[in-house]
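1. Prediction below, plus the sequence it came from.
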Amino acid sequence: MALADLVRCDITQESCQRAIFESVAESLDADSTSMPSIRTISVEQFEKEVRSGVSNDDLMGDDPETRGLRLIGFIPDAAESATETEIDYRVSAIAAYYSSGSGSITVIDRDYEVISAQSILAHEFVHAIQDQQFGIRSVYADVSTTDGVMGARTVIEGDATYSSFAWVYEQLNYAPDSIDWDRIYLDFQEGSREQAADLEIPITASASGFPYSFGIELIGRATQDQGLSGRAAFLMAPPPSALASMLGYEGFVTNGFTPIDAPEDAFPSPVAESELALEDRYGAWYVLATLLRLGFNELAAWVYAGEWRGDELGIFESGSEVVAVWRIRFAEDPSFMVDAINESDRDVAWSAVAQGNDVFIIAAESDASLALWEAQPLDVVASVLASVPDVRKGISGTGPLRCNPPRFPVDDGLE
């Protein structure tokens, strides 16, 4: 099959699938890898499968996690539940996914335009190749938090996005120096920052798109600088946090990964009969989004988020009420965030106080509950993060459909 035919062939045909896989594998020096099985399903089938393992209780929105995430602002007040928010995102955004458990690819049929379909399939083939070359589960081996998942996913999704884009350009005979990668990176990241600032979009949804937007540049620059060995280095030692990906490849080359200085004593002494229902680290992207939604301009929010050094979010349940406590550690004085929280006109009972370079944000379902927690001594409850189960370790989507495909010149004859 001629090179140009690869980006126009019918991806439902086995001959097209195999030709694309062999070409992608060759571009990644992975000729010894084997092609995964592929199936195509409708959007309706996909939604049914996503919902099949979800209980009705998870969709009600009365669970402590949903209520706590609403209080702290990670999901909108109008969101039905944390689970429903995740399902809505997946059903509307995922174009295809690779399952490391079965070693197979599923394509959701959305009537893709020419080239987009081949790019999507190439993206998933890269995931299959990653799994055979490095072991996707090993990339997540040390992950125990949402922030850690985001760091690891930037190399998984960043590599698949960059490698599939580079493959498409190669098939169309673009000279490497004619591709405006800086523009592509900027477009991706501008879209993610807009989502992070949008009060109607859950921060959790913006975080799902983050690994594509920042990972493509991280892996792209590493590959352009060091070849496939640069790609391999990140897949074997992924960023430990979202911040590492936000600071980018040049920051890594200059300083390495910024170490996480997580507080050992994370929370105030709980109010009587309160139980910790959820504990997690969310990272610098969630800090950035929170600052943007508090009214900080993009530059200030970015600078302050870059000062993140660790955080712990605890959601406590006491009788009929839920309280969220988010402790964030910064490299500098966090009074900027304390003032923004305490002066916010957001319709929620919340407040913030600084202790050294840490800020404690307490959000409650009533003023009375907030007052009880504000009176508790700080630095009492030690952090004990449990492993955070996350289906994204097994299912890797190609990202939001609104992410732009490669930017082709208007005179290339494509429609």
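-> Perfect, thanks for sending it.
2. any idea how far the closest residue to residue 244 other than its chain neighbours lies from residue 180?
-> Excluding its sequence neighbours, the residue lying closest to residue 244 (CB to CB, 6 or more residues apart in numbering) is residue 257, at 4.5 Å. C-betas here are computed from N, CA, C, even on glycine. Noted for residue 257: a distance of 28 Å to residue 180, by CB to CB, to the nearest Å.
3. Then residue 351?
-> Counting by CB to CB - residue 351 and residue 180 are separated by 47 Å.
4. So for these two, which residue has more residues nearby?
-> Between residue 351 and residue 180, counted using other CB atoms under 10 Å, residue 351 has the larger neighbour count: 17 against 11.
5. mind checking pLDDT for that one?
-> Confidence at residue 351, expressed as pLDDT, is 97.
6. Just checking: what are the partner strands of whichever helix or strand it is part of?
-> Residue 351 belongs to strand 349-355 when assigned by DSSP states H and E. Applying DSSP bridges to the sheet, strand 349-355 is found paired with strand 358-364 (antiparallel).
7. so after the strand it pairs with, what's the next helix or strand?
-> Following strand 358-364 toward the C-terminus (DSSP H and E): helix 367-374.
8. Tell me how far that following helix lies from the chain's centre.
-> Its chain's C-alpha centre and that of helix 367-374 lie 33 Å apart, by CA atoms, centre = their mean, to the nearest Å.
9. likewise stretch 182-198?
-> That offset, for stretch 182-198, works out to 13 Å (CA atoms, centre = their mean).
10. Next, the distance between the ends of stretch 171-180.
-> The first and final residues of stretch 171-180 sit 16 Å from each other (CA to CA, to the nearest Å).
11. Let the chain start at 12 from now.
-> Got it, the first residue is 12 from now on, which makes the last one we talked about stretch 182-191.
12. List the buried residues for it?
-> 182, 183, 185, 190 (16 or more other CB atoms under 10 Å).
13. Residue 325: which of these is nearest?
-> residue 190 (45.7 Å; CB to CB).
14. check contacts around that closest one.
-> residue 180 (CB atoms under 8 Å, 6 or more residues apart in numbering).
15. Residue 184 versus that one, what's the distance?
-> Counting by CB to CB, the gap from residue 190 to residue 184 is 12 Å.
16. Ignoring the adjacent residues along the chain, who's closest to the residue most central in space within the chain?
-> What sits nearest the mean C-alpha location of the chain, by CA atoms, centre = their mean, is residue 219, with 3.4 Å. Closest residue in space to residue 219, ignoring its immediate chain neighbours: residue 100 at 5.9 Å, by CB to CB, 6+ apart.
17. so which strand or helix has that neighbour?
-> Going by DSSP H and E, residue 100 is in helix 93-104.
18. Tell me the helices and strands packed up against that helix.
-> helix 54-63, helix 67-70, helix 75-83, helix 214-237 (3 or more CB pairs under 8 Å, 6 or more residues apart in numbering; DSSP states H and E).
19. export the helix or strand just after it as CSV, just CAs?
-> Downstream of helix 93-104, the next assigned helix or strand under DSSP H and E is strand 107-110. Extracted C-alpha coordinates of strand 107-110, given in CSV (Å, rounded to 0.1, in the frame of the first residue of the first chain):
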residue,chain,number,x,y,z
ALA,A,107,-11.1,5.0,20.8
TYR,A,108,-9.2,3.2,23.6
TYR,A,109,-6.6,0.5,24.1
SER,A,110,-7.2,-2.0,26.9
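20. list the buried ones in the strand holding residue 362?
-> Buried, per 16+ other CB under 10 Å, within strand 360-366: 360, 361, 362, 363, 364, 365.
21. which one among those gets closest to residue 135?
-> residue 361 (41.6 Å).
22. Name the SS class of residue 49, please.
-> strand (DSSP: H, G, I helix; E, B strand; the rest coil).
23. Identify the spatial nearest neighbour of it, chain neighbours not counted.
-> With CB to CB, 6+ apart, the residue lying closest to residue 49 is residue 116, at 4.7 Å.
24. Residue 171 now?
-> Residue 171's closest residue in space is residue 137 (CB to CB, 6+ apart), at 4.1 Å.
25. okay, the angle between the helix or strand hosting that neighbour and helix 214-237?
-> Per DSSP H and E: residue 137 is located in helix 127-144. Computed by axes from the mean of the first three to the mean of the last three CA atoms, to 10 degrees, the angle separating helix 127-144 from helix 214-237 equals 70 degrees.
26. hang on, residue 159 is in a strand, isn't it?
-> No. Counting by three-state DSSP, residue 159 falls outside a strand, being helix.
27. can I assume it is in contact with residue 252?
-> Yes. Residue 159 is within contact range of residue 252, at 6.9 Å (criterion: CB atoms under 8 Å).
28. Comparing the two, which residue is more hemmed in?
-> Remark: of residue 159 and residue 252, residue 252 carries more neighbours, 27 against 24, as counted by other CB under 10 Å.
29. For the more buried one, list the residues it contacts.
-> Contacts of residue 252 (CB under 8 Å, 6+ apart): 158, 159, 161, 162, 268, 269, 271, 294, 295.
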